[in-house]
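J.: kindly generate the corresponding structure for this input.
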Amino acid sequence: MTPRVREVDAACGVAQAAAVMGDWWNLLVLREVARGQHRFDGLVAELAVSRRVLTERLAHLVEHGVLERSRYQDRPPRYEYRLTPRGEAFLPVLVGMQDWADRWLLGDGTLTATAPPAGPEGDRVRALVGTAVPPVSLPSATGPRDVLAETPTVLFAYPATGRPNPHPAGWGGIAGTIGCTLENRLFRDRLPDFAAAGVAVHGVSTQRPEEQAAFAAEEGIPFPLLSDVDLALAAALRLPTVRIAQQQRLKRLVLVADRDRVVRHTIFPVTDIPAAVDDALTVARTL
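T.: So this is what the prediction gives:
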């Protein structure tokens, strides 16, 4: 039965968004497509949903321009589903929902830029081991680029970098700034060791590319700093985030992926930054 639309709801953005996305399966389908699951059978297996329900939800999301359907096989016809720009614009909402649930439903309501070793955020990060990182292109100072190189890659995420100021939390009052600057410097100084092992290093935060470029120039950072300002990577990997200074920030973590894009090692939470850099190098050398 189609719900009755009140006149007041016709001009309400919350009501209109709920009409399109306000369904358990719609949200979970979008979550899985963002994670790189584009085909019907893969979605059925990942979501443990009936084929009828999935068919209905995919048709609904395509009808409303959230997903687009394209044929990848003719005999028999098979389709895959990808996010449209409208769908990509919803990813920050998904990440915000995850952050809210991590804090208020799965946590005790504490606002923190880290996490306990045992908990839902740590479980999600550890579950990445053995999974493939989907291709995600992010802005950088030199233009869009994949979050991983064609070689084994250490990808480290951090809230924000900058120069310390008198504020006790760091530059601009963003918690963890001093530690993030240290982390970039340590990876910079150990980059020859990573290069000798044939391993690339990439950093990622939700800062804008121009902020990252200014920091990289001042600190002599030779590896790419990628901007997940639109939270595409956070949604694809369900990375832990925290909202600080009115912006969603990535919590500090390290992933080590092989040349086939499979995650082989994770470090989260990062409580000892120098040790985490050493650990990442030790694992990278085995790849």
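J.: every contact and neighbour count from this point should use C-alpha atoms.
T.: OK.
J.: need the contact list for N26.
T.: N26 makes contacts with 57-58, 61, as judged by C-alpha atoms under 8 Å, 6 or more residues apart in numbering.
J.: so which of those comes closest to D9?
T.: Set against D9, the nearest of the contacts of N26 by C-alpha to C-alpha is L61 (20.5 Å).
J.: which pLDDT value belongs to P166?
T.: P166 carries a pLDDT value of 41.
J.: now the contacts of N26 as TSV including pLDDT and secondary structure?
T.: Listed next are these as TSV, based on pLDDT from 0 to 100; DSSP: H, G, I helix; E, B strand; the rest coil:
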residue	pLDDT	secondary structure
R57	98	helix
L58	98	helix
L61	98	helix
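J.: with neighbour count and distance to P224 added, can I get those residues in a markdown table?
T.: Converted to a markdown table, these look like this (neighbours: other C-alpha atoms under 10 Å; distance: C-alpha to C-alpha, whole Å):
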| residue | neighbour count | distance to P224 |
| --- | --- | --- |
| R57 | 19 | 38 |
| L58 | 21 | 36 |
| L61 | 21 | 35 |
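J.: make TSV out of these and add distance to C12.
T.: Output for the contacts of N26, formatted as TSV (distance: C-alpha to C-alpha, whole Å):
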residue	distance to C12
R57	23
L58	25
L61	20
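J.: what's the closest of the residues you listed to Y81?
T.: L58 (8.1 Å).
J.: how close does the closest one get to G13?
T.: 22 Å (C-alpha to C-alpha, to the nearest Å).
J.: do R285 as well
T.: 51 Å.
J.: got it, and P222?
T.: From P222 across to G13, the span is 44 Å (C-alpha to C-alpha).
J.: what's near enough to touch the nearest residue to P139 once chain neighbours are set aside?
T.: Distances taken as C-alpha to C-alpha, 6 or more residues apart in numbering put S227 closest to P139, at 5.4 Å, once the chain neighbours are dropped. Contacts for S227 were tallied using C-alpha under 8 Å, 6+ apart; they are 138-140, 204-209, 212.
J.: longest helix in the protein, by residue count?
T.: The single longest helix within the chain, with elements called by DSSP state H, is helix 177-196.
J.: quick one: R264 and V254 touch, right?
T.: No. The pair R264 and V254 does not pass the contact test of C-alpha atoms under 8 Å, sitting 10.9 Å apart.
J.: what residues sit buried inside stretch 253-262?
T.: For stretch 253-262, the neighbour count (16 or more other C-alpha atoms under 10 Å) marks 253-258, 261-262 as buried.
J.: would you reformat those residues as JSON lines and include pLDDT and distance to A19?
T.: Putting those into JSON lines (pLDDT from 0 to 100; distance: C-alpha to C-alpha, whole Å) gives the following:
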{"residue": "L253", "pLDDT": "98", "distance to A19": "36"}
{"residue": "V254", "pLDDT": "98", "distance to A19": "38"}
{"residue": "L255", "pLDDT": "98", "distance to A19": "37"}
{"residue": "V256", "pLDDT": "98", "distance to A19": "40"}
{"residue": "A257", "pLDDT": "98", "distance to A19": "39"}
{"residue": "D258", "pLDDT": "98", "distance to A19": "42"}
{"residue": "R261", "pLDDT": "98", "distance to A19": "37"}
{"residue": "V262", "pLDDT": "98", "distance to A19": "37"}
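J.: any chance of these in CSV, plus secondary structure?
T.: Below are those laid out as CSV (DSSP: H, G, I helix; E, B strand; the rest coil):
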residue, secondary structure
L253, strand
V254, strand
L255, strand
V256, strand
A257, strand
D258, coil
R261, coil
V262, strand
